[in-house]
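Asker: structure here, sequence nowhere to be found:
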């Protein structure tokens, strides 16, 4: 459903389009009945005919109705436009964390305070969600809005997992959910993801805020995913020597490859961020060094395989095809110069 500015949907008047995702169109609108700005989220109707897609939509509604926290975007209601369902959400004035990070191009001492402030807010929101048996599973800067006063709001529980809900499958989401740059190793390997997945993703975002770069980079998604599974993240002080030891060890523990080696809960991670004096830096450092034993050149000695599914399969085939083309071009170029 495509809506132009000024379109009236019940007592909602569309102001502008905010974006389009793989599963929905999102608009800012004015709620004349309650005198407030809101967000209207319309799922793509061609997907709603699919049972699993409709199940995901219903799950998002159920989770939105369940979670009420100052750092989580509020779901106001589920409404209808003819036969089309849509979600009415709180409109959060501010910028996505992704844009905020782009604006903070210069490294400054404020990066550390900013990371802690956001980490505590996002972590508190997710700790609350976890206590209600909800794991976000797609935490990334695009899903965090930072208001002018510094308040952070976690958004988009579209692929969140509600404990006890049956597993659903749909297209490329059939095996993996999440975004490669922030996906935990177990997600990449086809795992469903849980609270420890969110801990890993939050650690990734805090690492990025401080280092102004992610620990893993590559020419394609498959290369990045491979590093998440097989390569231990470089220590933060290699990028920022002045990184406070307690903050560094708190983040690096969140980024452990094995879920059981991370913080036992989001609450524990938030506590470490709030009370750095309580962090046993030597103990965490010893744990980390012990974990590095058996690693060769920064990589785990026994490579962990990445399962082939529609996403990784297509990426792998594309990558191989590009390599073949490059080899052929160089071969002909070599003959041409003889």
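Answerer: Now that the structure is in, tell me what you want to look at. Computed from a predicted model, the values in this text were never measured in an experiment.

Asker: excluding sequence neighbours, find me the nearest residue to residue 272.
Answerer: Leaving out its chain neighbours, the residue that sits closest to residue 272 by Cβ to Cβ, 6 or more residues apart in numbering is residue 250, at 4.4 Å. The way it works is simple: take the backbone N, C-alpha and C, and place the C-beta from them, glycine included.

Asker: what separation do you get for the one you found and residue 110?
Answerer: Distance from residue 250 to residue 110, counting by Cβ to Cβ, to the nearest Å: 18 Å.

Asker: next: residue 267.
Answerer: Distance from residue 267 to residue 110, by Cβ to Cβ: 26 Å.

Asker: do you know the pLDDT at the residue lying closest to residue 74 once chain neighbours are set aside?
Answerer: If the residues on either side of it in the chain are set aside, residue 74 comes closest to residue 90, at 4.0 Å by Cβ to Cβ, 6+ apart. pLDDT, residue 90: 95.

Asker: so who does residue 90 touch?
Answerer: 38-39, 73-76, 153 (Cβ atoms under 8 Å, 6 or more residues apart in numbering).

Asker: between the residues you listed, which is nearest residue 94?
Answerer: Residue 94 has its nearest neighbour among those in residue 153, at 7.5 Å by Cβ to Cβ.

Asker: which residues sit against the helix or strand where the closest one lies?
Answerer: In the assignment (DSSP states H and E), residue 153 maps to strand 152-154. Under the criterion Cβ under 8 Å, 6+ apart, residues 71-73, 90, 92, 94, 97, 118, 121-122, 125-126, 129, 136, 139, 143-147 lie in contact with strand 152-154.

Asker: residue 109: neighbour count?
Answerer: Using other Cβ atoms under 10 Å, residue 109 is surrounded by 9 other residues.

Asker: and the helices in the chain?
Answerer: For the chain, the helices defined by DSSP state H occupy 45-48, 51-66, 97-103, 110-131, 185-188, 195-211, 221-230, 245-254, 266-274, 281-292, 310-336.

Asker: quick one: average pLDDT of the second one?
Answerer: Going back to what we said before, that points to helix 51-66. Rounded mean pLDDT across helix 51-66 is 82.

Asker: report the buried residues of that helix.
Answerer: By 16 or more other Cβ atoms under 10 Å, the buried positions in helix 51-66 come out as 52-57, 59-64.

Asker: can you pull the contacts of residue 182?
Answerer: Neighbouring residues of residue 182 by Cβ under 8 Å, 6+ apart: 138-140, 200-201, 204-205.

Asker: distance of it from residue 140?
Answerer: Distance of residue 182 to residue 140, given as Cβ to Cβ: 5 Å.

Asker: what touches both of those two?
Answerer: Contact criterion Cβ under 8 Å, 6+ apart; residues shared by residue 182 and residue 140: 201, 205.

Asker: coming back round to it: now the contacts of residue 90 in CSV, with distance to residue 14 and pLDDT?
Answerer: Below are those laid out as CSV (distance: Cβ to Cβ, whole Å; pLDDT from 0 to 100):
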residue, distance to residue 14, pLDDT
38, 10, 97
39, 11, 95
73, 19, 95
74, 20, 95
75, 19, 94
76, 16, 95
153, 22, 96
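
Asker: buried among those residues? Make that a PyMOL selection.
Answerer: Selection of buried members from the contacts of residue 90 for PyMOL, criterion 16+ other Cβ under 10 Å:
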select buried, resi 38+39+73+74+75+76+153
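
Asker: show me the contacts of residue 90 that map onto strands.
Answerer: 38-39, 75-76, 153 (DSSP state E).

Asker: kindly indicate which of the contacts of residue 90 lies nearest residue 31.
Answerer: For those, the residue nearest residue 31 by Cβ to Cβ is residue 38; the value is 4.8 Å.

Asker: contacting residues for the closest one?
Answerer: Going by Cβ under 8 Å, 6+ apart, residue 38 touches 12, 28-31, 76, 88-91.

Asker: would you mind naming the residues that bridge with it?
Answerer: Beta-bridge pairing of residue 38 under DSSP bridges involves residue 29, residue 90.

Asker: measure it to residue 62 for me?
Answerer: 19 Å.

Asker: got it, and residue 210?
Answerer: In terms of Cβ to Cβ, residue 210 sits 36 Å off from residue 62.

Asker: check residue 56 too.
Answerer: Residue 56 sits 11 Å away from residue 62, taking Cβ to Cβ as the criterion.

Asker: how about residue 23?
Answerer: Residue 23 sits at a distance of 16 Å from residue 62 (criterion: Cβ to Cβ).
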